[in-house]
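>>> Return a 3D structure for these sequence lines:
(one chain, ligands or ions: 2)
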Amino acid sequence: MSEHATGSHDCCAGPAPGGLLPVEEARRRILEQVTPVTTVERVALRDALGRVAARDILSPIDVPAHTNSAMDGYAVRGADLPAEGERALRVVGTALAGAPFDGVVGPGEAVRIMTGAVMPEGADTVVMQEAVRREGETVILGPGHEPGENVRHAGEDLARGGVVIGAGTVFRPAELGVAASVGLAEVPVLRRVRVAFFSTGDELRGIGEPLGLGDVYDSNRYSLYGMLRRLGVELLDLGVIRDDPEAMREAFSEAAAQADVVITSGGVSVGEADYVKQTLDALGEVRMWRIAMKPGKPLAFGRLGGAWFFGLPGNPVSVMVTFYQFVQPALWRMAGARVTRPPELRVPCVSRLRKGRGRTEFQRGILETDAEGRWVVRSTGPQGSGILSSMAAANCFIVLPAGSEGVEPGDEVTVQPFHGLV
Ligand SMILES: Nc1nc2c(c(=O)[nH]1)N[C@H]1C(S)=C(S)[C@@H](COP(=O)(O)OP(=O)(O)OC[C@H]3O[C@@H](n4cnc5c(N)ncnc54)[C@H](O)[C@@H]3O)O[C@H]1N2
Ligand code: MOO
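Ligands and ions are numbered 1, 2, ... in the order given. A predicted model of the protein is given here:
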């Protein structure tokens, strides 16, 4: 690893040049300010997918509810297991999952039992059927078994009254299954966060409209829609707002009146038609502007009426990078979820990466296995913040710390994968 590629975060970097706020500091400040919603809703279990548990959810039952067999075989008394030689036990009945044996297993007796069947009274051990010989009404056991083996005890997975899903847990497929396993038809979740979003810019055209000279299709509202939909927030798409201070003021007020969070893209830099920051200044409060990152430097964060405001830079890649680094963690916190840092890995980079000093760069990478099966990352190619196809080609960000001056092939880098298992 070369010297310039070490260190993955900005926490220890000094003040960034030009009054830019380091990425970690900006994220910390945002997460410190936003607070979770408090309204609780009860929803049918399947509708809880992606929602956040409003409080600790307790189990009304033991899971498993009854002590049962983990194997197909024979339920016996541990005291009857032979230490050496063989022992014949009389088979006195059968226990199936859902059809228990209602007698008692006495000394010298066994019950044929299937996986999941309730352990019959008297028996405390299950011997797998592959380990025995059946001869008519008797079963012959050899040595080598442990008393208590192959038995699942009542409450060993979840105990009645115990917390099965903690407050702030996001319901994933596993949580749906866990809640179902204790028989919960409905669960308490926090209400969805309401997010209003719009694009700004006179050059923006809707799909289906012809493009004049200098026009572009409004793609940001589509990538934003996708990222927000994935988070399961309630969406309010306010369309495209012209680069006009009056129109912008109206749109800002309308959005803030209806939403917990307002997100815009474009018009947040220093150009002559960049009215976003000054509108926020006039109607609310700018709490942060300009981050030491690339892309995404002119991000604005603040308060607008009762809503939190994120003014994302107009460049299409900048929108996605700033959303994932700042807006997504803030929305999780507001949704009541425990916020964790995006997972990061250190892997060798097979490409040469150019980088300017002073800003953390979120370059687009492809995480893949090389010929030896090792995980490596390579660049998607040109990294301009207008090249949205680089996001489509990527499956991870390559995070280059502010102090790095570039990467040589073989250097280790930090990556944030886009997808996990859930
Ligand atoms: N003198 C300076 N100029 C710029 C600076 C700077 O510090 N000093 N910063 C640059 C950086 S970095 C960025 S990022 C951009 C961001 O500026 P804005 O947020 O004001 O964005 P716009 O100028 O409105 O648009 C930038 C670019 O993105 C296109 N765009 C905007 N909205 C959409 C949309 N909804 N869908 C598709 N494409 C969109 C727009 O047409 C522009 O090409 O400022 C730099 N300038
Ligand atoms: O920060 Mo800008 O987003 O580099 O293009």
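
>>> And for the closest residue to residue 345 other than its chain neighbours, the neighbour number?
With C-beta to C-beta, 6 or more residues apart in numbering as the criterion, residue 345 has its nearest non-adjacent residue at 5.3 Å, and that residue is residue 415. Where C-beta positions appear, they are placed from N, C-alpha and C, glycine not excepted. Applying other C-beta atoms under 10 Å, we find 26 other residues in the vicinity of residue 415.

>>> quick one: contacts of the helix or strand harbouring residue 415?
Of the helices and strands defined by DSSP states H and E, residue 415 is found in strand 412-417. With C-beta atoms under 8 Å, 6 or more residues apart in numbering as the contact definition, strand 412-417 has outside contacts at 1, 5, 8, 324, 342-349, 353, 365, 367, 377, 395-401, 407.

>>> Would you mind giving the domain segments of the chain?
The record, using automatic domain parsing to delimit domains, assigns the chain the ranges 6-39+192-335, 40-59+167-190, 68-152, 345-417.

>>> Out of those, flag the one nearest residue 159.
For residue 159, the closest of those is domain 40-59+167-190, at 6.8 Å, according to C-beta to C-beta.

>>> Distance from that closest one to the middle of the chain?
Domain 40-59+167-190 has its average C-alpha position 16 Å from the chain's average C-alpha position, going by C-alpha atoms, centre = their mean, to the nearest Å.

>>> repeat for stretch 121-133
Worked out by C-alpha atoms, centre = their mean, stretch 121-133 lies 43 Å from the chain centre.

>>> Identify each buried residue in it, please.
By 16 or more other C-beta atoms under 10 Å, the buried positions in stretch 121-133 come out as 122, 123, 124, 125, 126, 127, 129, 132.

>>> Equivalent analysis for stretch 249-256, please.
Taking 16+ other C-beta under 10 Å as the criterion, stretch 249-256 shows 249, 251, 252, 254, 255, 256 as buried.

>>> Return the closest of those with respect to residue 208.
Proximity of the buried residues of stretch 249-256 to residue 208, judged by C-beta to C-beta, is greatest for residue 251, which lies at 22.1 Å.

>>> The helix or strand where that closest one lies near ligand 1 anywhere?
Taking DSSP H and E as the criterion, the element that holds residue 251 is helix 245-258. No - figure legend: helix 245-258 not in contact with ligand 1 (C-beta under 6 Å from any ligand atom); closest approach 12.0 Å.

>>> Tell me the helices and strands packed up against that helix.
Judged by 3 or more C-beta pairs under 8 Å, 6 or more residues apart in numbering; DSSP states H and E, helix 245-258 is in contact with strand 194-200, strand 234-241, strand 261-265, helix 276-283, strand 300-304, strand 307-312.

>>> can these go into JSON lines with extra columns for distance to ligand 2, mean neighbour count and mean pLDDT?
Written out in JSON lines, the entries for the helices and strands packed on helix 245-258 read as follows (distance: least, C-beta to the nearest ligand atom, whole Å; neighbours: other C-beta atoms under 10 Å; pLDDT from 0 to 100):
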{"stretch": "strand 194-200", "distance to ligand 2": "15", "mean neighbour count": "24", "mean pLDDT": "98"}
{"stretch": "strand 234-241", "distance to ligand 2": "20", "mean neighbour count": "17", "mean pLDDT": "97"}
{"stretch": "strand 261-265", "distance to ligand 2": "11", "mean neighbour count": "28", "mean pLDDT": "98"}
{"stretch": "helix 276-283", "distance to ligand 2": "14", "mean neighbour count": "19", "mean pLDDT": "96"}
{"stretch": "strand 300-304", "distance to ligand 2": "12", "mean neighbour count": "22", "mean pLDDT": "98"}
{"stretch": "strand 307-312", "distance to ligand 2": "9", "mean neighbour count": "26", "mean pLDDT": "98"}
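
>>> Need those in JSON lines (columns: distance to residue 76).
Putting the helices and strands packed on helix 245-258 into JSON lines (distance: least, C-beta to C-beta, whole Å) gives the following:
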{"stretch": "strand 194-200", "distance to residue 76": "61"}
{"stretch": "strand 234-241", "distance to residue 76": "58"}
{"stretch": "strand 261-265", "distance to residue 76": "62"}
{"stretch": "helix 276-283", "distance to residue 76": "75"}
{"stretch": "strand 300-304", "distance to residue 76": "67"}
{"stretch": "strand 307-312", "distance to residue 76": "64"}
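
>>> So for residue 289, which of those sits nearest?
Put simply, out of those the one that sits nearest residue 289 is strand 300-304, at 4.7 Å, with distance taken as C-beta to C-beta.

>>> quick one: contacts of that closest one?
The set of residues external to strand 300-304 that reach it, using C-beta under 8 Å, 6+ apart, is 26, 30, 252, 255-256, 262, 268, 276-277, 280, 283-289, 308-311, 326.

>>> Output it as CSV - backbone C-alpha positions only.
Backbone C-alpha positions of strand 300-304 (Å, rounded to 0.1, in the frame of the first residue of the first chain) are rendered in CSV as follows:
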residue,chain,number,x,y,z
ALA,A,300,-26.9,23.2,1.9
PHE,A,301,-28.6,22.1,5.0
GLY,A,302,-30.9,24.0,7.2
ARG,A,303,-34.3,24.7,8.7
LEU,A,304,-37.3,25.7,6.7
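
>>> and the angle from it to helix 276-283?
Note on geometry: by axes from the mean of the first three to the mean of the last three C-alpha atoms, to 10 degrees, strand 300-304 and helix 276-283 are set 30 degrees apart in direction.

>>> quick one: strand 300-304 near ligand 1?
No - Strand 300-304 does not reach ligand 1 (C-beta under 6 Å from any ligand atom); its nearest approach is 8.9 Å.

>>> now that strand: how far from the chain's centre is it?
Taking the mean C-alpha point of strand 300-304 and that of its whole chain, the gap between them comes to 25 Å (C-alpha atoms, centre = their mean).
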